[in-house]
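>>> Predicted model follows, preceded by the sequence.
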Amino acid sequence: MMNRYSRQIILQNIGEEGQEKLLKSSAAIVGCGALGTVAANNLARAGVGKISIIDRDFVELNNLQRQMLFDEADVGAPKAMAAAQKIKDINSQIDVEPVVKDLNHTNVEDILKGVDVVLDGTDNIQTRMLINDVCVKEGTPWIYTGAIGTSGMTMNILPDKACLRCLYPVTPKIGSLPTCDTMGVLNTITVIMGSMESTEALKILLDNNKQGTDSSLLVYDAWNNSFDDVIVRKNDECECCVKGNYGYLDTEDREVITSLCGRNAIQITPADPKEISLAEMASKLEPLGKVKSTDFILIFKTEKEEISLFKDGRAIIKGTNDEKVARSLYARYIGT
């Protein structure tokens, strides 16, 4: 087995002891898009023993420009499942767990329970704040990372250091931040930031991530080849890491309705997710429109609507940003 990692073992930063430690470590990657595929690829090849890949979405053709684990044959497949299969082909000696779910306040503690480090591959601030809440609460290190246009940023969020809410005390309003769909993204910046993030994850897993009192937000612009290092100090009034108020985690809402920024789509996660038969649902919907169904996802189209339905009852309703319209379409075609 060690022959696989021989070029890594001879690094004095890792060595045999470090490699053994990596093989016994676990990482969760939340979001398997441009950043997440790079991180998953790097950690698998480095020999991190258990990798959980959490993603709610499926592969689309426009993903292939930057999401490095996927190819044309994966279009239409759940990202977590497709990525997990690629990782198993890369390294069959590690444990890879695909989680085809929307990470939200009803399941985040169970999904991220017991992992050694969490890597951010998400595309929205609400999910990042939720990850921040649970990781601060549990004392789990996590790595905030983003990329847009030609630039990206990353910040290690470690126990007893500044957290994401120290950086963003007030959450930006939905739609106020640019997205890859509205601004575009250079595929090299996602590879660079995903590699930076996975390097930091390895350092954390090896207990080799020495930092001072302050945390650092690293900002890099690939087009201008410029680096900025921003010191982020712990906010003595932080609602999360100082006062222990986990508002994104401790909400009583059960049904989760999420606007997918830049995509003109609403995601609905039912209050009591239960596995449904996609084959039976396909039979029900075929008289009403075009249906394409696999073992993991059903896509239903009419002249005006498109609904992507997953086995746990979660659905993405395309063509609207109105929650009431999306909820009505869900009730009409899927059921209450």
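Perfect, I can see it now. Numbering: from 1, shown residues only.

>>> Low-confidence stretches in the stretch 51-200 of the chain?
Judged against pLDDT under 70, the low-scoring parts of the stretch 51-200 of the chain cover residues 172-182.

>>> Tell me who's in contact with T171.
If a contact means C-beta atoms under 8 Å, 6 or more residues apart in numbering, then T171 has I125, Q126, M129 as its contacts. Where C-beta positions appear, they are placed from N, C-alpha and C, glycine not excepted.

>>> so the second one sits right up against T251, yeah?
What that stands for is Q126. No. With contacts defined as C-beta atoms under 8 Å, Q126 does not count as touching T251, sitting 11.1 Å away.

>>> If you count surrounding residues, which of those two has more?
Q126 (16 against 13; other C-beta atoms under 10 Å).

>>> Assumed the more buried one was part of a strand.
No. Residue assignment for Q126, taken from DSSP: H, G, I helix; E, B strand; the rest coil, gives helix, which places it outside any strand.

>>> Could you report the separation of it from L260?
Counting by C-beta to C-beta, to the nearest Å, the gap from Q126 to L260 is 11 Å.

>>> List the buried residues for stretch 302-316?
Residues of stretch 302-316 classed as buried under the neighbour-count rule (16 or more other C-beta atoms under 10 Å) are E305, E306, I307, S308, L309, F310, K311, D312, G313, R314, A315, I316.

>>> quick one, what contacts the closest residue to N187 other than its chain neighbours?
Distances taken as C-beta to C-beta, 6 or more residues apart in numbering place R66 nearest to N187, at 4.0 Å, with adjacent residues excluded. With contacts taken as C-beta under 8 Å, 6+ apart, R66 has the following neighbours: G33, A34, V185, N187, T190, V191.

>>> mind listing which of the residues you listed are in helices?
Among those, the members falling in helices (DSSP state H) are A34, N187, T190, V191.

>>> in terms of contact, does A39 touch E197 like I think?
Yes. Because the distance of 5.6 Å satisfies C-beta under 8 Å, A39 is recorded as touching E197.

>>> Need the residues touching each of the two.
When contacts are counted by C-beta under 8 Å, 6+ apart, the set common to A39 and E197 consists of L119.

>>> List the residues that contact G194.
Residues in contact with G194, defined by C-beta under 8 Å, 6+ apart, are A34, L35, G36, T37, V38, A39, N42, G121, T145.

>>> ah, wrong one, I meant L309
I276, L278, M281, I297, L298, I299, F300, A315, I334.

>>> Can you tell me how far it is from Q267?
With distances defined as C-beta to C-beta, the gap from L309 to Q267 amounts to 11 Å.

>>> Identify the contacts common to those two.
Jointly contacting L309 and Q267 under the rule C-beta under 8 Å, 6+ apart are A315.

>>> out of the contacts of R66, which is most surrounded?
Counting neighbours by other C-beta under 10 Å, the top entry in the contacts of R66 is T190, with 28 neighbours.
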